[in-house]
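Asker: after the sequence you'll find the predicted model.
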Amino acid sequence: MKNRPPKIFSWLLAIFCPQEKREEVEGDLLEAFYWRMESKSSFNAKAFFIYEVLRSFRIYHFSPFQYLNQLLMTFNMHIKTGWRFLKKNMVYSTMNIAGLALGLSFCLLAWLYVNDETSYDKHLSLHDRLYRVVIDMQHGDNVHHIGGSSNAITQTFKEQIPEIEAVVRLDRSYALIKQGEDYLEKSILVTETQIERFLDLQFISGHDSFKGPNELWISESLAGLLAIDSQAAVATLTMNFGQGDEVFIIKGIYKDIPLNTSVHAELILSFDYYIKHAKPEKLTTWFDINMNTLVLLREYVNVAAISAKMNLLHLENDPDMEAVVSFHLQPITDTHLDNDYGHFNGMAAGGNTELIWIFSCVGLLALIIAIINYTNFNISLYLNRSREVAVRKIIGSGKGGIFTQLMSESALSVVIAALFASVILLIALPIFGELVSKSYSFSELYNPVFISGAVFILFLIILFTGAYPSIVFSKLSMVHSLKGSPKIGSSKALTQSLMALQFGITALLIIGMIILKSQLKHLQNFDNKIGLDGVLYFEYIPNTDDQTIERFLTDLKAVPGVISASAISGYNGTRMKDESSIIVKHLRIEQDLLTLLDIDIIAGRNFDSLLQSDRTNKVLVNEQFLISAGIDDPIGKTIAFEYGDLKNPQIIGVVENYHFASAKSKVDPLVIYQSEQYPLESAYVKTEKLVNKDVMEALWQKHFSPYPMNMVYLEDFYNSSFEQEQRLMKLVGFGAFLSVVLAGLGLLGILGLQLNQKLKEISIRKVLGASFIQILLSTSQKLITFISIGTLMGLAGGYFLGHQWLLQYPYAISINAGIVFLAMLIVVSLAAISLFSQVLKTSKANPVKYLKDE
Amino acid sequence: MQQLGKLEEIVLLILLMKEENYGVGIAKEYEANFNQSITLPTIHVVLKRLDEKGLVKSKMGEPTAERGGRRKRIYSATNNGYHLAKELQEKRSKIWSMIPNIN
């Protein structure tokens, strides 16, 4: 045996002994230990030492230990009674906790979304020095926001602005990756060495800078998907950019970039490839915006001064530019949520500020409702325990004791609700991800910011749900409680106001949902003036020439069931050359398009395939064009429209204002021509019966292999532009459903509570001959008034918000009395069902039972 | 007159035996006289109470090797302590003297 005191106990003593006592106690115990070891035995000394250390805890008021001990015992007691209580009221507690769990899980989902959306790019180690070059271009009163720059701009900035430490050019491209016999379509980030520094890329294998055009880096997961051996000396990848197969050398495999990064890529291709394939003037023209530029600034530089330098360089290099142009640097952390500058050329699709706001609001509302509900419900449940509380008080429990007891019970319920909520969260996460078009994985939940936020929310809930009942009950009058007629008078006004708030929120969400739904229906049924029936749409035909498309159309027309087929270019915008200088959309079409889409000519004539001049110098315009340009008698007039070889064409006809996009935007002035200024890129096919998709697929493969076919029904294509609205509707609809359920539950609870206090009064009224309606009015008049006020306020709020939201649509419904009435009807019937059921229950009871008492 | 517990009185008496004493010294003296062991925390508490009653005073002494280089707190009885103890003993012997001799 070693002759030293047990280490662990010396350590314990050192930790728990107060500083001013420590030297004396440690010294005495140590000395006594050696003394006993000499005078008695080593064992005796050790046993005494341990005993003395332990005794010291109790005797010296070593604060944490004694306090903790007491606290734990009390807490344990509270939890035990709380648990028994929950078990006793199984049905009500389950309902109550389930409601809280629902509200909580919705709130957590909202928090997850908001946290994710606002976390973009903040994880990059250089994020405070990374900026994107953006341009504001002013034409008259219109400001165009351009998120991009050109090769020449980038080079000049890099060379002539010393505050810029490094630049990276970004472009996005699509290619087909060959995998065996199949092709896989992938989006590719075209950029240069340095990007690994900007994005903190970590390479798991290889890592060579790009030296030639046909070199790339690949992400770990894509490498796994393509079964690329990371140990191989030279790995290659065959890709097709539309000019036949090309072989690329893989120079490195990097760990997947986190999803909340604006510059996201599975494949990174050398920028030399872009330079090699671009036309020379594209690289040297100053204002040919076709890429994004990220710049890394040196530390501690003035960003505004750099913008000024950039603008000076612009004036130097492009002095003839008519428009007023100003360059800015946008912090990379702002790019994700800024939709003004767009997300093109290598920037991942942006976030949605509107959705973030709506999410935060609905999440918060759901939480508030759940808390109110829980609180109200709990009070009515706790009322059964007023005797217990009174007995506790008589035995000597103070207000503080009752308060801590109810608080810890509320904490217990909230923790149980949180467990339920996390189960709901796990189930709902994939569905939710689909709804907001994000792929959330469970690992997202381990994010420290998310977890600390969630814990904060939990604490808030415990505080709010616990505080109110605790205060009410710690003030409870003992005599009344013991007599069995607890009065919770002081809290009534507050309870009723909470109830009113809850119904207000419910009414707001319901009217919001109805407005959303009506508007969506209105847009979907909107007369686009296009015949959508049986029309198939090939959205995008890859880089090819007009002849191939003509042959494709000819083949299509030969398929049985096909009535006609036609093609168009994309819609482009140009400024008129006269003093009006309005921007008009223009479009190249093939002969049959207008008949195929059933677009009416309201004046003049359609293109005539027999007239050669129709193919060169004649145009159709839409009605909006006539209005915008102020032309009264259009047929035969020449207009100051210029694009490519098409100059000052003559109007031969006017088409109706058909919507080439969804009815979410107004119809722009439009010029339609047949002149070959733009390549054809989309095709329409009109069918009279269902055409086998395989036939279409075979034809497509014949002409455009290896590109995958992208054929949709035109009707679906139009409807797909309402995704945003549909998403919003689901969200608000879920919130409304939740609040209806919770408000109903809450009303049941609170009414039950109030009626239980008035059993005697109701019985006397009944004995004296009161009818059901009279009892209802006499008992719940105040509650009904409060609920009505709350509902009206909610409806007004919903009306106002709905009106604001509708302002963004040129073709909006008006919020009429019908909508308001419908919302009111839903809320009122919800309230009525809860009210009637409770009052009916009480008024059905035998009055003798309650009058006999005492 | 101040009340003193039995253990308090004994510790006070032990302190009065010498000019000054400290925790372990008191424990040794106690065990030697009563042939019964006592734990140090008990003595510490008693000393603290005596200190609060103003019967003893304390100061820090010199560090010694057997205490691992730690200083000891040295206690000595105050005048009040002396007088109180004396008074107690006188009263006791007065009472004792009134007890008839049994043998």
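Answerer: Structure's in. What do you need?

Asker: poorly predicted segments of chain B, please.
Answerer: Along chain B, the model assigns pLDDT under 70 to residues B:1, B:103.

Asker: chain A contacts on chain B?
Answerer: Applying Cβ under 8 Å from any Cβ of the partner chain, we find that chain B lies next to chain A at B:22-24, B:27-28, B:37, B:39-42, B:44-45, B:60, B:64, B:66-68, B:70-73. To be clear about C-beta, it is placed using only N, CA and C from the backbone, and glycine gets the same treatment.

Asker: redo that, cut-off 7 Å
Answerer: Along chain B, the residues adjacent to chain A under the rule Cβ under 7 Å from any Cβ of the partner chain are B:23-24, B:27-28, B:39-41, B:44-45, B:66-68, B:70-73.

Asker: how about residues contacting stretch A:178-185?
Answerer: Contacts to stretch A:178-185, defined as Cβ atoms under 7 Å, 6 or more residues apart in numbering or on different chains, come from residues A:174, A:176-177, A:226, A:238-240, A:245, A:706, A:708.

Asker: change it to 8 Å
Answerer: By Cβ atoms under 8 Å, 6 or more residues apart in numbering or on different chains, the residues outside stretch A:178-185 that reach it are A:174-177, A:226, A:237-240, A:245, A:706-708.

Asker: what do you get for stretch A:615-630?
Answerer: By Cβ under 8 Å, 6+ apart, the residues outside stretch A:615-630 that reach it are A:576, A:580, A:582, A:584, A:594, A:601-602, A:604, A:606-607, A:611, A:631-632, A:634, A:639, A:641, A:646, A:649-658, A:666-675.

Asker: where does B:Gly69 sit: helix, strand or coil?
Answerer: Reduced to three states with DSSP: H, G, I helix; E, B strand; the rest coil, the structure at B:Gly69 is coil.

Asker: that one and B:Glu20, how far apart?
Answerer: Going from B:Gly69 to B:Glu20 by Cβ to Cβ, to the nearest Å gives 21 Å.

Asker: what's the helix or strand for A:Tyr341?
Answerer: Assigned by DSSP states H and E, A:Tyr341 belongs to neither a helix nor a strand.

Asker: also A:Phe327?
Answerer: strand A:324-331.

Asker: also A:Ile250?
Answerer: In the assignment (DSSP H and E), A:Ile250 maps to strand A:245-254.

Asker: if we can go back for a sec, buried among the contacts of stretch A:615-630? Make that a ChimeraX selection.
Answerer: Buried residues within the contacts of stretch A:615-630, as defined by 16 or more other Cβ atoms under 10 Å in any protein chain shown, are selected in ChimeraX through the command that follows:
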select /A:576,584,594,601,604,606,607,634,639,641,646,649,651,652,653,654,655,657,658,667,668,669,670,671,672,673,674,675
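
Asker: residues contacting A:Ser566?
Answerer: With contacts defined as Cβ under 8 Å, 6+ apart, A:Ser566 is in contact with A:553, A:589-593, A:596, A:683-684.

Asker: can I assume it sits in a strand?
Answerer: Yes: membership of A:Ser566 in a strand is supported by three-state DSSP.

Asker: mean confidence score for stretch A:532-546?
Answerer: If you average the pLDDT over stretch A:532-546, you get 80.

Asker: residues making contact with that stretch?
Answerer: Counting contacts by Cβ under 8 Å, 6+ apart, the residues touching stretch A:532-546 from outside are A:242, A:549, A:552, A:567, A:596-597, A:676, A:679-689, A:691, A:696, A:700, A:703-704, A:707, A:709-715, A:717-718.

Asker: in PyMOL, how would I select the buried members of these?
Answerer: Below is the selection syntax for PyMOL that covers the buried ones among these, with 16+ other Cβ under 10 Å defining burial:
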select buried, chain A and resi 549+552+567+596+597+680+681+682+683+684+685+686+687+691+696+700+703+704+707+709+714+715+718
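
Asker: check the contacts of stretch A:532-546 one by one and keep those near chain B.
Answerer: Counting by Cβ under 8 Å from any Cβ, the subset of the contacts of stretch A:532-546 that neighbours chain B is empty.

Asker: what about the contacts of stretch A:532-546, which are in helices?
Answerer: When DSSP state H is applied, these are split such that A:549, A:552, A:596, A:696, A:700, A:703-704, A:714-715, A:717-718 fall in helices.

Asker: what's the farthest-apart pair in those residues?
Answerer: In these, two members sit farther apart than any others by Cβ to Cβ. They are A:His703 and A:Tyr718, at 25.9 Å.

Asker: for the stretch 651-800 of chain A, what spans make up the helices?
Answerer: Ranges of helices within the stretch 651-800 of chain A are A:693-704, A:714-719, A:723-757, A:759-767, A:772-806, based on DSSP state H, counting those that start in this stretch.

Asker: just the ones you listed: most buried one?
Answerer: Between these, helix A:723-757 has the highest mean count of neighbours, a mean of 21, where neighbours are mean count of other Cβ atoms under 10 Å in any protein chain shown.

Asker: and the angle from it to helix A:772-806?
Answerer: Taking axes from the mean of the first three to the mean of the last three Cα atoms, to 10 degrees, helix A:723-757 and helix A:772-806 form an angle of 160 degrees between their directions.

Asker: that older thread, go through the helices of the stretch 651-800 of chain A and find the least confident stretch.
Answerer: Per-segment mean pLDDT for the helices of the stretch 651-800 of chain A reaches its minimum on helix A:723-757, at a mean of 79.

Asker: for that helix, packing partners?
Answerer: Helix A:723-757 sits against helix A:90-118, helix A:353-382, helix A:399-435, helix A:492-524, helix A:772-806, helix A:817-844, with contacts defined as 3 or more Cβ pairs under 8 Å, 6 or more residues apart in numbering or on different chains; DSSP states H and E.

Asker: just give me how far the third one sits from the chain centre.
Answerer: Which is helix A:399-435. Taking Cα atoms, centre = their mean, to the nearest Å, one finds the center of helix A:399-435 at 23 Å from the center of the full chain.

Asker: let me know the next secondary structure element after it.
Answerer: Later in the chain than helix A:399-435, the nearest helix or strand by DSSP H and E is helix A:448-474.

Asker: list the buried residues of that following helix.
Answerer: Using 16+ other Cβ under 10 Å, the residues of helix A:448-474 that count as buried are A:450, A:453-454, A:457-458, A:461-462, A:464-466, A:468-470, A:472-474.

Asker: identify the residues contacting the longest helix along chain B?
Answerer: If each helix of chain B is counted by residues according to DSSP H, the longest one is helix B:79-98. Under the contact criterion Cβ under 8 Å, 6+ apart, helix B:79-98 has outside partners B:1-2, B:4, B:9, B:12-13, B:15-16, B:50, B:54-56, B:77.

Asker: from the chain's centroid, how far away is that helix?
Answerer: The offset between the C-alpha centroid of helix B:79-98 and the centroid of the whole chain comes to 15 Å, using Cα atoms, centre = their mean.

Asker: B:Arg73: neighbouring residues, count only.
Answerer: Using other Cβ atoms under 10 Å in any protein chain shown, B:Arg73 has 19 neighbouring residues.

Asker: in what helix or strand does it lie?
Answerer: Taking DSSP H and E as the definition, one finds B:Arg73 inside strand B:71-77.

Asker: how many degrees apart are that strand and helix B:79-98 in direction?
Answerer: Using the same axes, to 10 degrees, strand B:71-77 lies at 50 degrees relative to helix B:79-98.

Asker: what does strand B:71-77 contact?
Answerer: Taking Cβ under 8 Å, 6+ apart as the criterion, the residues outside strand B:71-77 that touch it are A:23-24, A:27-28, A:31, B:12, B:15-16, B:19-24, B:26, B:47, B:51, B:55-64, B:85.

Asker: so of those residues, which ones are in helices?
Answerer: If you go by DSSP H, the contacts of strand B:71-77 have A:23-24, A:27-28, A:31, B:12, B:15-16, B:23-24, B:26, B:47, B:51, B:85 in helices.

Asker: ok, so of those, who is nearest A:Ala305?
Answerer: Looking at these and their distance to A:Ala305, the nearest is A:Glu23, at 62.0 Å (Cβ to Cβ).

Asker: could you measure from the closest one over to chain B?
Answerer: Using Cβ to the nearest Cβ, to the nearest Å, we find A:Glu23 at a distance of 5 Å from chain B.
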